[in-house]
Each structure stands twice: as structure tokens, then as C-alpha cells.
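sequence unknown, structure follows:
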């Protein structure tokens, strides 16, 4: 089979190449999947550099999420050949075939294409854990989403609307803002490049944001502390902006807000029953059409580097997807 393989960590993707590998064999508790679509997220890029918190041993096949069709399942599995599934894991997605644990799969919602299904799990699970579990969102809350055109940010916009939140989406370019407005119609889409505090306070009649979804960090985090509502929750998703911010304990004390860390995968591992409920909730919303992942572009395996470069340049709206058999 053809697979993308990281054989050496490098900042310029020079250690990542296409390779011919044997189709993997299943063991007890595993399923072999013909992968039809593999979605890329920023952690997939970071892993090629050794810059992600998880560092799989070399060589490895990147790709944390994919979708495809079950080819073979070990005895006792709930899965059968022909089942259309979404996979989840640290690696293994960008290949024509992959072996995954039984419990790493979920059925593909019937309304979604393979590419959309591959783009569902990681982004929307992060958004669900952030908004529902950690943020305790209530219908009518004001939600400020930074990096709203990225895969995780766009999922938070979509899910926030489905939950009845009043969403203010922040994006850095007019093209991205127009796309967000067209795709999901949040309450407001704003440009945060020149500062957003006054805009948020004006749009919320001085109330501020009840929830701030922040995958950016740095200056964005700092300014968010100045437009968050009393009893608000500032949800720390990541630091795509590069700088890990700090806040004095007196600021959340005086302003009465909480800084809340979000690790969706670890949340599911620590609380397995809640983790299963989280996946079920996301699956249900996708199955009834309440949430729909956006695929920016699909690439063949031969064009894998274009997909990674698009992500690196931050020009992607939603997810880039590689089609291993395309």
C-alpha cells in the first residue's frame, strides 16, 4: 500500500516522504480499514517537526483522523466488513489502509461524505469538551471564537450555533470572514487584527463574552481578558500564535472569570464514560444535520505536500483532506 511516512523530524518536511509499505495485519481487538479520506490538523504538521506534545517513534505514518470502509475485523468485534467508519488515533491516517482498535472507530453519519467524516471527530470533540463539558455553555451565552477559520475554530462556531449560543467569530482576513459568514452565519464576524476588545463590548452591549474559545494564545489571550464577562470562562485550547501567555491571579479575581484548560482526548481517557457520551453527542448532531464539517480542499497522495503547505501558510478554512486512493 501507499502511505505517507515520517522517517526523520525536520522543520521543512524534508523528513516526510511517500513509501510503499505492507498492508498491516490485524490482531485481537483490531480492525483493518480501507482509508478513503484523511483530514489534516495542525498537530499533524507539528508532529513532522517533533513540535507536538506526543512524539511517536520514528518512522511513523501521520494522520490523527480518517474515514473509510472496514475490510476485516477480529473475532468478537462489533464492526463488519463494509461498515463505513471514522477512525481516531495519534497516527496512521494518511495511508491507503490502516489498523485501528475497535474502540477507536465510530460509524460515519449518513449525511456526511468521507471527507467530511474524516474532518469531524477531533475538531468537534474538542469544541464539545470545551463548550459543554468545561465551559458549561448555556443557550443565549455570548461565545467569542478566535482563529475561527481554522479546523477547530470553525467547529466551535458551528457547534456554538447548534447549541443556541450567540457567536462572534474572529478571523484575520476578509476572505476567511466572508467564508465563515457564508458557511455558518454566526451572529457577528469580526477582524481582530487591530484589536477586538471594543468591538466585542459594543456588540454585547457592554456585557462581554461569556465564553472565549482561544486556540491562539499570546496577545489574543491577553486582550480576551479585557472583554470577558463577569463569571465568564476563558477556554485555553492551544497556542497557535506561538507565545504561551500568562495572567496575574488578580485579574480573574477582580473580573470574576475562570481560565479553563481544554484537552479533549485526555478528558475522554480520564473519564471514559463521559468520553463515550461526548462522541455520541457529536455523532448525533452530525447525523441530524445540526453540524456539518467544512472541507477546504481535497488532495491526492502525490500532492500531500501541497496539503501540508496550505496548512502551514494558515490559508486553510476548515480542514484539508488527503484522498489516499484518489
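Right, received. Where do you want to start? Because the structure is a prediction, the values reported are computed rather than measured. Residues are numbered from 1 along each chain as shown.

and residue 323, how far is that from residue 82?
20 Å (C-beta to C-beta, to the nearest Å). From N, CA and C alone the C-beta is placed, and that goes for glycine too.

ok, now residue 177?
Residue 177 sits 42 Å away from residue 82, taking C-beta to C-beta as the criterion.

Could you check which of these two has the larger neighbour count?
The neighbour comparison of residue 177 against residue 82 (other C-beta atoms under 10 Å) goes to residue 177, with 18 against 8.

could you pull out the helices for the stretch 201-326 of the chain?
218-224, 250-255, 264-270, 272-287, 304-312 (DSSP state H, counting those that start in this stretch).

mind checking how far residue 274 is from residue 135?
According to C-beta to C-beta, residue 274 stands 15 Å off from residue 135.

How about residue 56?
Distance from residue 56 to residue 135, by C-beta to C-beta: 30 Å.

Look at those two and report which has more neighbours.
Using other C-beta under 10 Å, the more surrounded residue of residue 56 and residue 135 is residue 135, with 28 against 14.

Residue 211 is in contact with that one, correct?
Yes. Counting by C-beta atoms under 8 Å, residue 135 sits close enough to residue 211 to count as a contact (4.9 Å).

any residues in contact with both of these two?
233, 235 (C-beta atoms under 8 Å, 6 or more residues apart in numbering).

Pull up the gap between the nearest residue to residue 312 once chain neighbours are set aside and residue 310, please.
In space, and not counting its chain neighbours, residue 312 is closest to residue 45: 6.1 Å by C-beta to C-beta, 6 or more residues apart in numbering. Distance from residue 45 to residue 310, counting by C-beta to C-beta: 10 Å.

What segments of the stretch 1-150 of the chain are helices?
42-49, 114-118, 121-128.

thinking again about what came up before, select, out of the helices of the stretch 201-326 of the chain, the one closest to residue 173.
Closest to residue 173 of the helices of the stretch 201-326 of the chain, according to C-beta to C-beta: helix 304-312, at 14.1 Å.

Residue 177 should be in a strand, yeah?
No. Residue 177 is assigned helix when assessed by DSSP: H, G, I helix; E, B strand; the rest coil, not a strand.

quick one on the thing from earlier: more neighbours: residue 45 and residue 310, which one.
The neighbour count for residue 45 versus residue 310, taken as other C-beta under 10 Å, is higher for residue 45 (19 against 16).

Can you list the buried residues in stretch 7-22?
By 16 or more other C-beta atoms under 10 Å, the buried positions in stretch 7-22 come out as 13, 15-16.
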